[in-house]
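Trainee: Here is the input, now give the coordinates:
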Amino acid sequence: MFVSTGPSSRSRYALRVLATLALAFAAAQACLWLRTPLPWMIGPLLAVSLASIAGLPTASFAPLRNAGQWVIGAALGLYFTPEVTALVAGLWWAILLAIAWALLLGVGFGHWLHQGHAARMPQVPAPAMRATAYFAGAIGGASEMTLMAERAGARTDLVAAAHSLRLVVVTVSIPFAMQWSGLHGLDSLPPALRDVRGGGLALLAACTGASALLMRRAGRTNPWFLGPLGVAMAFTMSGHAPSAVPVGLSNAAQLVIAVSLGVRFSREFLHTAPRWLASVALGTLGMIVLCAGFAGLLHQATDIHWATLVLGTSPGGIAEMAITAKVLQLGVPVVTAFQVCRLVAVLLLTGPLYQRLYGRGDGPQ
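Mentor: Below is the predicted model of the structure:
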């Protein structure tokens, strides 16, 4: 947000937000013309990221980001018909394997970062470097991992930078790879309802919004996404989906979420340990390849398409991967279930796992 509460400060901030949204909209239109994958996500993300790094005064308005997550959560919940829910429930063992894989991959990535940078950053004490690498490697929510890292005495700037860069690399690379390889439009499971009904949409908005506010008050993670998702799922699973979410609203939600990611970057971002950022980018690409291999193994044991499992197990953010599945029509309920369960498990287990591995000071050598 902003520090000063004076009218001039508010006006300047509002102008920055409006200018950033205008840039994002123009980038989305360009991507539509170029027929890129996820034009409402990738165009704004790249444009705002580059503008931020160039030093332009970009800005994101947190309530808009929350509203975007609210819309996407509600839209995704409409895919969970009773038949789809039964299908996803039958994959509980695969979801557990994916959770174990995510924890193992995060620990391995953190160990690799530590091995490569402990000697290059002598100014960072050994325990802090260990915690920094561990929480930077964990495949979880960026804000939650940064808070955990702060409690462990880590360099939070390096952790936050690592997660921001990882999300951008995954969000940009995977959709392009899916489109270029022809792996899209494979989902035969449409939302429970495709018609937009005024009264039903108002009911859906009221119930999902109330759920988000309750989760926020309770201090839950990702309340503006998980709260609406849960309520929309409950409507759909009971066979009473009140309305579809308008396509234009979904596109706008993708745009504001992309803007909130893009403004994390700045001119100083590239000067934050360049070798560290290069290692994060390289390691993220390596994790994508490893996750593709893991998805291939799960594909052999299930009837779920490999592309869907790639999105479900990839080291990306839950909203970004679910949006990718929705736009490219790649098994939205399966991807959402895998990503939501992984997020909850990683948030619950990453801290205790760190204490178990390194609580007595026995870090990687």
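
Trainee: What residues sit buried inside the strand or helix carrying residue 351?
Mentor: Secondary structure assignment for residue 351, by DSSP states H and E: helix 332-358. By neighbour count, with 16 or more other C-beta atoms under 10 Å as the criterion, the buried positions of helix 332-358 are 332-347, 349-351, 353-354, 357-358. Where C-beta positions appear, they are placed from N, C-alpha and C, glycine not excepted.

Trainee: What is it packed up against?
Mentor: helix 82-89, helix 92-117, helix 126-137, helix 142-151, helix 223-237, helix 306-313, helix 318-328 (3 or more C-beta pairs under 8 Å, 6 or more residues apart in numbering; DSSP states H and E).

Trainee: where does the stretch 251-365 of the chain dip in pLDDT?
Mentor: Screening the stretch 251-365 of the chain residue by residue with the criterion pLDDT under 70, one finds the ranges 272, 360-365.

Trainee: Excluding residues flanking it in the chain, which one is nearest residue 232?
Mentor: In space, not counting the residues next to it along the chain, residue 232 is nearest to residue 77; the distance is 2.5 Å by C-beta to C-beta, 6 or more residues apart in numbering.

Trainee: Quick one: residues contacting the one you found.
Mentor: With contact set as C-beta atoms under 8 Å, 6 or more residues apart in numbering, residue 77 has these partners: 208, 228-236.

Trainee: What is the nearest of the residues you listed to residue 287?
Mentor: Ranked by distance to residue 287 (C-beta to C-beta), those are led by residue 229 at 25.0 Å.

Trainee: Tell me the spacing between that closest one and residue 256.
Mentor: 17 Å (C-beta to C-beta, to the nearest Å).

Trainee: Just want to know which of the two has more residues nearby.
Mentor: Neighbour comparison, residue 229 and residue 256: the larger count goes to residue 229, with 29 against 23 (by other C-beta atoms under 10 Å).

Trainee: ok, that one touching residue 74?
Mentor: Yes. With contacts counted by C-beta atoms under 8 Å, residue 229 reaches residue 74, the gap being 7.2 Å.

Trainee: Can you tell me how far the residue lying closest to residue 114 once chain neighbours are set aside is from residue 350?
Mentor: If you skip the residues right next to it in sequence, residue 114 has residue 133 as its closest partner in space, 3.7 Å away by C-beta to C-beta, 6+ apart. Relative to residue 350, residue 133 is positioned 13 Å away (C-beta to C-beta).

Trainee: Same question for residue 300.
Mentor: Using C-beta to C-beta, residue 300 is found at 29 Å from residue 350.

Trainee: now residue 230
Mentor: Taking C-beta to C-beta as the measure, residue 230 and residue 350 are separated by 22 Å.

Trainee: Pull out the buried residues from stretch 292-311.
Mentor: Applying a neighbour-count criterion of 16+ other C-beta under 10 Å, one finds 292, 294-295, 298-299, 302, 304-311 buried in stretch 292-311.

Trainee: just to revisit the earlier point, the residue nearest to residue 114: how many residues sit nearby?
Mentor: Neighbouring residues of residue 133 were enumerated by other C-beta under 10 Å; the total is 32.

Trainee: Residue 222 against residue 70, yeah?
Mentor: No. Look at residue 222 against residue 70 with C-beta under 8 Å: they stay out of range, at 10.9 Å.

Trainee: host element of the nearest residue to residue 120 once chain neighbours are set aside?
Mentor: The spatial neighbour of residue 120 that comes closest, neighbours along the chain excluded (C-beta to C-beta, 6+ apart), is residue 275 at 6.4 Å. Using DSSP H and E, the secondary-structure element containing residue 275 is helix 274-301.

Trainee: circling back: what's the closest of the helices and strands packed on helix 332-358 to residue 283?
Mentor: Evaluated over the helices and strands packed on helix 332-358, closeness to residue 283 peaks at helix 92-117, with 5.4 Å, by C-beta to C-beta.

Trainee: Look up phi and psi at residue 240.
Mentor: Here is the backbone geometry of residue 240 (degrees, to the nearest 10): phi -130, psi 50.

Trainee: Against residue 260, how distant is it?
Mentor: Between residue 240 and residue 260 the distance is 32 Å, computed by C-beta to C-beta.

Trainee: Compare neighbour counts for these two and give me the winner.
Mentor: Neighbour count, other C-beta under 10 Å: between residue 240 and residue 260, residue 260 has more, with 21 against 12.
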